[in-house]
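> what follows is a predicted protein model with its sequence.
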Amino acid sequence: MLMRAKAGGESRMQQEKAQAERKKNLLVMLYRHLISCGYLDASVAMERECNVGLAQWEMADNMDLYYVLQDFEEYYELKF
């Protein structure tokens, strides 16, 4: 019984950690998108409000918010 509760707690912690990582990744992607579109004031304000230090993170050169959105739209077109 105790082992199952411990395993459930660890699993929940891993899920929360993965969710926090996804949120950070999304913020970095949005931040980089704002910069690439020339919205420098908005990117500075976003970084200030997030308190994450978004400028220290880089995205892979094959990642772009536009491509993520495009893949998302294509997936839902196929699904429905």
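Alright, I've got the coordinates.
> quick one, what contacts L54?
If you count contacts by Cβ atoms under 8 Å, 6 or more residues apart in numbering, L54 has them with L27, V28, Y31, S43, M46, E47. C-betas here are computed from N, CA, C, even on glycine.
> ditto for M59
Contacts of M59 by Cβ under 8 Å, 6+ apart are V28, M29, R32.
> cool, and L40?
Residues in contact with L40 (Cβ under 8 Å, 6+ apart) are L34.
> kindly recompute the last result at 6 Å.
Contact analysis of L40 by Cβ atoms under 6 Å, 6 or more residues apart in numbering lists nothing.
> now do it, the pLDDT please.
Listed pLDDT for L40 reads 95.
> mind listing what's buried in the host helix or strand of N25?
Secondary-structure assignment from DSSP states H and E places N25 in helix 2-36. For helix 2-36, burial by neighbour count (16 or more other Cβ atoms under 10 Å) applies to L27, V28, M29, L30, Y31, R32, H33, L34, I35.
> take those and write them to a markdown table, including pLDDT and distance to G8.
A markdown table is the format used below for these (pLDDT from 0 to 100; distance: Cβ to Cβ, whole Å):
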| residue | pLDDT | distance to G8 |
| --- | --- | --- |
| L27 | 90 | 29 |
| V28 | 90 | 31 |
| M29 | 90 | 32 |
| L30 | 91 | 33 |
| Y31 | 92 | 35 |
| R32 | 90 | 37 |
| H33 | 91 | 37 |
| L34 | 93 | 39 |
| I35 | 92 | 41 |
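> looking at these, which is nearest D71?
Using Cβ to Cβ, M29 comes nearest to D71 of the buried residues of helix 2-36, at 12.8 Å.
> find the nearest non-adjacent residue to that closest one, please.
Excluding the flanking residues, the one nearest M29 by Cβ to Cβ, 6 or more residues apart in numbering is L65, at 5.1 Å.
> return the list of helices and strands in contact with the helix holding N25.
helix 40-50 (3 or more Cβ pairs under 6 Å, 6 or more residues apart in numbering; DSSP states H and E).
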